[in-house]
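Participant: Below are the sequence and a predicted model for it; my questions follow.
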There are 2 protein chains.
Amino acid sequence: MSDPSARTLRLLSLLQARRYWSGADLAGRLGVSVRTLRRDVDRLRELGYPVEASRGVDGGYALAPGAALPPLVLDDDEAVALALGLQSAAGSAVAGMAETSVRALAKVVQVMPVRLRRRVEALRGATVSGWNPGEVADAVDPAVLTTVALACRDAERTVFGYAPPGRARTERTVEPHRLVSLGRRWYLLGWDLDRGDWRVFRLDRLDAPRGTGAVFGPRRFPAGDPAAYVRERIDTAWTRYVVEADVDAPADAVRRRIGRWATVVGERPGGCRVRIEGDDLDWAAAALVVTGAPFRVVSPPEFTAHVAALATRCAAAAAP
Amino acid sequence: MSDPSARTLRLLSLLQARRYWSGADLAGRLGVSVRTLRRDVDRLRELGYPVEASRGVDGGYALAPGAALPPLVLDDDEAVALALGLQSAAGSAVAGMAETSVRALAKVVQVMPVRLRRRVEALRGATVSGWNPGEVADAVDPAVLTTVALACRDAERTVFGYAPPGRARTERTVEPHRLVSLGRRWYLLGWDLDRGDWRVFRLDRLDAPRGTGAVFGPRRFPAGDPAAYVRERIDTAWTRYVVEADVDAPADAVRRRIGRWATVVGERPGGCRVRIEGDDLDWAAAALVVTGAPFRVVSPPEFTAHVAALATRCAAAAAP
DNA sequence: GACACAGCGGACAGGATCTGACCGCAATGG
DNA sequence: CCATTGCGGTCAGATCCTGTCCGCTGTGTC
């Protein structure tokens, strides 16, 4: 361990693996004298990573939170957990969070050893995403997601198969521009080389993407905000409904149980009104079932009919 | 940028920020000659990070997956996404995944700048966890989780408030030993200094934990496997039920929609039998509702009654 | 097949850096 | 008051690092 730069990296990882280190310990681990260790610590501090030192008996060093996040040194298990966590965060509904998660995920996956990638694949089967179950069928393969994200970041020409609804699968060659997450779907905005025009692709209809290795120069996207462009272009025909219902349970309790899917829009003693938006009436009904409380449908009429049908369905299910 | 170790770190981060770099670009960014850049690249390779180089026109450098994950250099947004992702992964049901996620999360949080930590806090409110809603009330505060995880890792004596069910909150001083995740609850196994014995604490009943700074020597846990010990000690009295039902929908479709909560235990043409385990009958009923298909309750009798009640509840809800 | 491009790596010399040793000093806690 | 532990100055010698120069080797294009 003679090389200073290797040692600096190693020191950083040691300081992340355990909080408190005595100077002698660290010096021993790095195979240098304490004096040199002190110099290394100084170097880290100059690089902006605040290493705190305490003197006296039980003194030692600890890496404190600083202005910037230091390079994270993670072991195998942690890396796998991270990849899985980011995958689930990629399905998050928070604006902007999904894109960022995918970016980070792509970064990690790019340099992740193959054996770890295999572990992630294997575990992904076991950990189903927490998405609205009605949408799981449309879920994007994380491998596709990260491949495309990397291609966007690196401006790398990409080939993939694409199957528009009702039409045959074709091969496309595209200069990927931006990934856009709308609702719970992912879209790729890119310049279609075969068509010679900007196109929007739904990621769940896209398969086997691979970079060609060819890097393209920056092509200006003319239409301003990519997200807005995608929003205009996509098929907004799928039924979108807004369900409202009165629930005979305190707003707090309701929020606790179904706050993820519903918003409380009105409150009264012992009850509240909730609104559920989505594109699956069964799901809305299920949410109201989970409250465990009596409720009354306010709107829309289709939902009233749906719940009535559900009543007979349940009655039949409980019949001997 | 004269210091080699700073430069090495920076090179690593550049290689993570973009995939392909030409030698000249990298040298320019680092403020050194191409020759020195080559030497730096060699250094990285010696450290075990496989930097691939390609020659000829459009040649350049790229960081490839190697034997070990290189230190990850993340920007602010990515770090926040990572923390949120790991938080949700900490609620994952996959064995062992939860513990690892928490460990990684603790590692990140320890060195995360305060401003980022605040952003994570703020966003956590917005992104509700994907847990079984029936359990959200028992959710552990991630701050508590990470603090305790760090204390375990660093063998740091810890003080916290603890409120056993039905008894008053008391202050405890503990040498934390292991975090155990069982079902969807978290437990801390530790040596209670006041009681002079090993104790198990439920993390959702624990508040305001803080390290005392005192590091304790390794105290051997005598009873073998901590997880088994905790499993024995905890209150297993909460009702646990197993619901089975026949659903008139193909197994594939059912799995796609409610695979997260139910397992398909039998298959027949056009239908299948599912099993749902948990501690909330409403939740099981909701899962069946989400299938959108007719079903029949097989067992247990309580559930038949529950579904019958649900039928009347729905009928009432749909009544004008 | 010739050519340009871009990475590879040897050699070299001057200068900068790094290291361990030794020193006294400054907090800290018992 | 004392042991412990980190801090930082100084020094000398060894080491390294850097830019320059050069010829070589793949790669893709014309």
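Facilitator: Perfect, thanks for sending it. Here the structure is a predicted model, which is why all the values come from computation and not from measurement.
Participant: For whatever residue of the stretch 151-300 of chain A ends up closest to DNA strand D, grab phi and psi.
Facilitator: Ranked by CB to the nearest atom of the strand, the top residue of the stretch 151-300 of chain A for proximity to DNA strand D is A:Gly213, at 7.8 Å. In this view, the C-beta of every residue, glycine as well, is placed from N, C-alpha and C. The phi/psi pair for A:Gly213 (degrees, to the nearest 10) reads phi 90, psi -20.
Participant: With the one 10 residues further on instead?
Facilitator: Here is the backbone geometry of A:Ala223 (degrees, to the nearest 10): phi -90, psi 30.
Participant: quick one on the thing from earlier: which residues are in contact with the closest residue in space to the residue of the stretch 151-300 of chain A closest to DNA strand D that isn't next to it in sequence?
Facilitator: Once flanking residues are discounted, A:Gly213 sits nearest to A:Glu156: 7.0 Å by CB to CB, 6 or more residues apart in numbering or on different chains. By CB atoms under 8 Å, 6 or more residues apart in numbering or on different chains, the residues touching A:Glu156 are A:150, A:176, A:211-216, B:19-20.
Participant: Residues of the stretch 51-200 of chain A that sit close to DNA strand C?
Facilitator: Where the stretch 51-200 of chain A comes near DNA strand C, counting by CB under 7 Å from any atom of the strand, the residues are A:54-58.
Participant: hmm, try it at 6 Å
Facilitator: For the stretch 51-200 of chain A, the residues in contact with DNA strand C (CB under 6 Å from any atom of the strand) are A:55-57.
Participant: from those, which is closest to B:Leu84?
Facilitator: A:Arg55 (37.6 Å; CB to CB).
Participant: Quick one, which of the contacts of A:Glu156 are buried?
Facilitator: Neighbour-count burial (16 or more other CB atoms under 10 Å in any protein chain shown) is assigned, among these, to A:150, A:176, A:211, A:215, B:19-20.
Participant: Tell me which two in those are the farthest apart.
Facilitator: A:Pro176 and B:Tyr20 (14.5 Å).
Participant: Show me the strands in chain A, by range?
Facilitator: Remark: strands assigned in chain A by DSSP state E are A:51-54, A:60-63, A:156-162, A:170-182, A:185-192, A:197-202, A:206-215, A:241-247, A:262-268, A:271-278, A:295-299.
Participant: which one of those strands has the most crowded surroundings?
Facilitator: strand A:185-192 (a mean of 22; mean count of other CB atoms under 10 Å in any protein chain shown).
Participant: Report all helices and strands that that strand contacts.
Facilitator: Using 3 or more CB pairs under 8 Å, 6 or more residues apart in numbering or on different chains; DSSP states H and E as the contact test, the elements touching strand A:185-192 are helix A:142-154, strand A:170-182, strand A:197-202, helix A:226-233.
Participant: so A:Tyr61 touches A:Gly23, yeah?
Facilitator: Yes: counting by CB atoms under 8 Å, A:Tyr61 does reach A:Gly23; the two are 6.7 Å apart.
Participant: give me the beta-bridge partners of the residue lying closest to A:Leu15 once chain neighbours are set aside?
Facilitator: Take A:Leu15 and drop its neighbours on the chain: the residue closest to it by CB to CB, 6+ apart is A:Leu63, 4.0 Å away. Beta-bridge pairing of A:Leu63 under DSSP bridges involves A:Val51.
Participant: you'd agree A:Leu63 is up against A:Pro71?
Facilitator: No: using CB under 8 Å, A:Leu63 is not in contact with A:Pro71; the gap is 11.5 Å.
Participant: what's near enough to touch the nearest residue to A:Val41 once chain neighbours are set aside?
Facilitator: Distances taken as CB to CB, 6+ apart put A:Val51 closest to A:Val41, at 5.1 Å, once the chain neighbours are dropped. Contacts here follow CB under 8 Å, 6+ apart; on that basis A:Val51 touches A:15, A:41, A:44-45, A:61-64.
Participant: what about the residue of the stretch 1-150 of chain A found nearest DNA strand C, neighbour count?
Facilitator: As assessed by CB to the nearest atom of the strand, DNA strand C sits closest to A:Gly56 within the stretch 1-150 of chain A, at 2.8 Å. When neighbours are counted by other CB atoms under 10 Å in any protein chain shown, A:Gly56 registers 5.
Participant: Likewise for A:Ala317?
Facilitator: Applying other CB under 10 Å, we find 23 other residues in the vicinity of A:Ala317.
Participant: mind checking how far it is from DNA strand D?
Facilitator: In this view, A:Ala317 and DNA strand D are 63 Å apart by CB to the nearest atom of the strand, to the nearest Å.
Participant: per-residue pLDDT, that residue?
Facilitator: For A:Ala317, the model assigns a pLDDT of 79.
Participant: and stretch A:66-77, how far from the chain's centre?
Facilitator: 19 Å (CA atoms, centre = their mean, to the nearest Å).
Participant: nope, stretch A:308-320 is what I was after
Facilitator: Distance, centroid of stretch A:308-320 to centroid of chain: 38 Å (CA atoms, centre = their mean).
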